[in-house]
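A.B. asks: Sequence and predicted structure, then a few things I'm wondering about:
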Amino acid sequence: MNKRVRESGLGYLTGCTALSIIITLYLIFIYVPTERTMGIVQRIFYFHLPSAWVAFLAFLVAFAAGIAYLLQRKPRWDMMELASVELGTLFSTIAIVTGSIWARPIWNTWWTWDPRLTSTLVMWLYYSASLMLRRTVEDPDRGARFGAVLSIVGFVNVPVVFLAIRLWRTIHPVLISRDKGLAMEPSMVLTLGASLVAFTLLYVCLLMIRMRAEYLRQKLDQLEQLVGSACV
């Protein structure tokens, strides 16, 4: 019964995610007006910012799951930590790539060592390296502990990335300023909100699918070990 409920829940979530993505694409490419100064390239903003948001969320979930695993030693927390780090790294990559594409016509360069960009690159390198390092540990229990510790330690850099535009002088635009608040047209706010919802739902959906795949992989490994020991 629980398995059927989980599968049904994932099906509904997948449907809601697909619907929200379709609505968001309509808002981005048809509904929202073209920004006057930057032109059509500004529409990348509706992919860039939600990708960065999901990356922060994913690393926060990995941080919490890492703590939970060290306290309880339950496999589901390890699977959540691993899946969330993988997805956080993926969405960080999307944020960096879309940011570079956006920067080229606006800043006349693909990359600059701005505090926000540099700290984001450091974050991406750390989590990418943590995934590779974890794969080098053969013992599953030790690898799970190793991954949990790496996720906890690595999360220290996430607030630095978020606050970089306020801690240092930067050319990266500030979405919400103290003086003007959210300086965007209502249609742009609506489109951004829809994009944030769609990307968040996509993250949750991918997280559940990735955790399920990891669970099946571990069960397959255990079955192979049992068959191997029986044959010996």
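C.D. replies: That came through fine. Residues are numbered from 1 along each chain as shown.
A.B. asks: Tell me where the model's unsure across the chain.
C.D. replies: By pLDDT under 70, the weakly predicted segments of the chain are 1-7, 174-183, 228-232.
A.B. asks: In it, where's the longest helix?
C.D. replies: Looking across the chain with DSSP state H, the single longest helix is helix 186-231.
A.B. asks: what distance separates that helix from the centre of its chain?
C.D. replies: 12 Å (CA atoms, centre = their mean, to the nearest Å).
A.B. asks: neighbours around the closest residue to residue 29 other than its chain neighbours, how many?
C.D. replies: In this structure, residue 29 finds its nearest non-sequential neighbour in residue 43, 7.1 Å apart by CB to CB, 6 or more residues apart in numbering. All C-beta spots, glycine's among them, are computed from the backbone N, C-alpha and C. By the criterion of other CB atoms under 10 Å, residue 43 has 17 neighbours.
A.B. asks: got the contact list for residue 43?
C.D. replies: 28, 29, 32, 34 (CB atoms under 8 Å, 6 or more residues apart in numbering).
A.B. asks: just the buried members of these?
C.D. replies: 28, 32 (16 or more other CB atoms under 10 Å).
A.B. asks: would TSV of the contacts of residue 43 with distance to residue 184 and secondary structure be doable?
C.D. replies: Formatted as TSV, the contacts of residue 43 follow (distance: CB to CB, whole Å; DSSP: H, G, I helix; E, B strand; the rest coil):
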residue	distance to residue 184	secondary structure
28	14	helix
29	18	helix
32	10	coil
34	14	coil
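A.B. asks: Let me have the contacts of residue 43 in a markdown table, extended by distance to residue 204.
C.D. replies: Below are the contacts of residue 43 laid out as a markdown table (distance: CB to CB, whole Å):
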| residue | distance to residue 204 |
| --- | --- |
| 28 | 21 |
| 29 | 24 |
| 32 | 25 |
| 34 | 31 |
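A.B. asks: Of the contacts of residue 43, just say which sits nearest to residue 219.
C.D. replies: If you rank the contacts of residue 43 by distance to residue 219 using CB to CB, residue 28 comes first, at 40.3 Å.
A.B. asks: May I ask you to confirm that residue 127 belongs to a strand?
C.D. replies: No: applying DSSP: H, G, I helix; E, B strand; the rest coil, one finds residue 127 to be helix, outside a strand.
A.B. asks: That one contacts residue 87, doesn't it?
C.D. replies: No: the criterion here is CB atoms under 8 Å, and residue 127 misses it with residue 87 at 10.3 Å.
A.B. asks: Who has more neighbours out of those two?
C.D. replies: Shown here are residue 127 and residue 87; by other CB under 10 Å, residue 127 has more neighbours (26 against 23).
A.B. asks: which residues sit in contact with the more buried one?
C.D. replies: Going by CB under 8 Å, 6+ apart, residue 127 touches 59, 85, 88, 89, 92, 154.
A.B. asks: what's the answer for residue 147, then?
C.D. replies: Shown in contact with residue 147 (CB under 8 Å, 6+ apart): 66, 78, 81, 82, 85, 130, 134.
A.B. asks: any chance of those in CSV, plus distance to residue 15, secondary structure and neighbour count?
C.D. replies: Output for these, formatted as CSV (distance: CB to CB, whole Å; DSSP: H, G, I helix; E, B strand; the rest coil; neighbours: other CB atoms under 10 Å):
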residue, distance to residue 15, secondary structure, neighbour count
66, 31, helix, 28
78, 29, helix, 25
81, 27, helix, 28
82, 26, helix, 24
85, 27, helix, 26
130, 33, helix, 20
134, 33, helix, 19
